[in-house]
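Trainee: Structure of the sequence below:
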Amino acid sequence: MLVAAAVCPCPPLLVPDVAAGAAPELDAARAACTDALGLLAASRPDLLVVVGPAEQSARGQHPEGTRGSFAGFGVDLAVRLGRESAAGADTAAPRLPASLAVAAWLLERTGWSDAPVEGLGVGEPLEAERCVRTGAQLAARAERVALLVMGDASACRTLKAPGYLDERAAGFDAEAARALGTADVDALKALDAELAQELKVAGRAPWQVLAGAAEGAGLAGALLYDEAPCGVGYIVAAWS
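Mentor: Below is the predicted model:
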C-alpha cells in the first residue's frame with residue numbers, strides 16, 4: 001500500500017556540478033526536494049520505488065545498485081540507485097536514465113538509508129490507463145510502499161524555454177501543480193496526454209503512475225515548490 005510520495009523535477013541542472021554557474025537559480029528547488037525526501041523517510045516505508053521518464057532504451061525496471069552517470073552532460077559524476085546490490089547491478093555500466101540519475105543524486109545527497117530502492121523508467125507516451133495500472137501494481141509490492149516521482153512540467157513557459165512560448169503551458173502547469181499539491185488523484189488521471197506531449201511535459205506519465213498507486217490510500221498533499229526557471233515548470237510536492 002502506498003504510504004507516502006514525493007514529487008520532484010528531474011532536470012540534470014538540479015545537480016550543482018552540472019549547473020555550474022547557474023546552480024544558485026535552483027537552490028530553492030533543491031531545498032524543497034530535500035524537504036519532500038524527509039517526509040518520505042518519516043513514513044518508514046518497506047520499499048521505495050523511484051519513477052521517472054526514460055528514453056526507450058532505459059525504460060523498465062532498474063534494480064537497487066544500478067549506476068548512472070552525468071558524463072553525457074560534461075560532468076565526471078557517477079551515482080548509484082540506493083545501496084550496492086548483491087546481485088551485482090552496481091558493477092554494471094551506467095544505465096540509469098537521466099531522471100533516475102537525478103533521483104539517485106537526491107537520495108545520496110540526503111543520505112537515504114531507510115528502505116530498499118528500486119527504479120522504474122516509463123515512456124512519456126505511455127497511455128494513462130497503463131500508467132494507472134502500473135501504479136496500482138507498485139503499491140501492492142509491499143505493505144508500506146513509498147514513491148519518489150520524478151518529472152518536469154511544461155518546457156514552454158517563456159520565449160527562451162526549450163519549447164519556446166506556448167500560451168497553453170501556464171494553465172496546464174497550474175492545474176498539474178494544484179493536483180499534485182492537493183493529492184487530487186482524479187485530476188492527475190485526467191491530464192491530457194496529447195497536450196502534455198505538445199508542451200514537452202516530462203512528468204505526465206510518472207504523475208499518472210502516482211495517481212494509480214495512490215487510489216484509495218487517502219493521502220493528503222502539500223505543494224512545496226512551483227516555479228519555472230529557464231522557462232520550464234518545476235514542481236515539488238509531498239503526499240503523506
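Trainee: give me the number of residues near Leu107?
Mentor: 22 (other CB atoms under 10 Å). Just so you know, the C-beta spots here come from the backbone N, C-alpha and C atoms, and that holds for glycine as well.
Trainee: Next: Thr34.
Mentor: Around Thr34 there are 15 residues (other CB under 10 Å).
Trainee: So, low pLDDT: which residues of this protein?
Mentor: Scanning the chain for pLDDT under 70 picks out 85-94.
Trainee: change it to 50
Mentor: Applying pLDDT under 50 to the chain flags the ranges 91.
Trainee: Tell me which strands whatever helix or strand Ala238 lives in pairs with, and in which orientation.
Mentor: Take DSSP states H and E as the rule and Ala238 turns out to sit in strand 234-239. Applying DSSP bridges to the sheet, strand 234-239 is found paired with strand 2-8 (antiparallel), strand 221-227 (antiparallel).
Trainee: Could you say which of these is packed most deeply?
Mentor: strand 2-8 (a mean of 27; mean count of other CB atoms under 10 Å).
Trainee: and the next element down the chain from it?
Mentor: Next helix or strand after strand 2-8 toward the C-terminus (DSSP H and E): helix 16-19.
Trainee: now that next one, how far from the chain's geometric center?
Mentor: Relative to the chain's own centre, helix 16-19 is displaced by 18 Å; criterion: CA atoms, centre = their mean, to the nearest Å.
Trainee: how many other residues sit next to the residue nearest to Met1 when sequence neighbours are not counted?
Mentor: Once flanking residues are discounted, Met1 sits nearest to Ala139: 5.9 Å by CB to CB, 6 or more residues apart in numbering. Ala139 sits with 22 neighbouring residues when counted by other CB under 10 Å.
Trainee: check contacts around Ala139.
Mentor: Ala139 sits next to Met1, Leu2, Val145, Gly212, Ala213, Ala214, Ala217 when contact means CB atoms under 8 Å, 6 or more residues apart in numbering.
Trainee: what about the nearest residue to Val15 once chain neighbours are set aside, which helix or strand?
Mentor: Nearest residue to Val15 in three dimensions, chain neighbours excluded: Trp105, at 5.3 Å (CB to CB, 6+ apart). Assigned by DSSP H and E, Trp105 belongs to helix 98-109.
Trainee: neighbouring contacts of the strand holding Ala238?
Mentor: Contacts of strand 234-239 (CB under 8 Å, 6+ apart): 4-9, 11, 26, 29, 32-33, 35-36, 39-40, 152-153, 173, 176-177, 180-181, 183, 203, 210, 214, 219-228.
Trainee: Dig out what the residue nearest the centre of the chain forms beta bridges with.
Mentor: Against the mean C-alpha coordinate of the chain, by CA atoms, centre = their mean, the closest residue is Met150 at 0.6 Å. On the basis of DSSP bridges, Met150 is bridged to Cys8.
Trainee: who are the neighbours in contact with it?
Mentor: Counted by CB under 8 Å, 6+ apart, Met150 has contacts 8-10, 50-53, 99-100, 102-103, 203, 206.
Trainee: 6 Å - rerun?
Mentor: Neighbouring residues of Met150 by CB atoms under 6 Å, 6 or more residues apart in numbering: Cys8, Cys10, Gly52, Ser99, Ala103.
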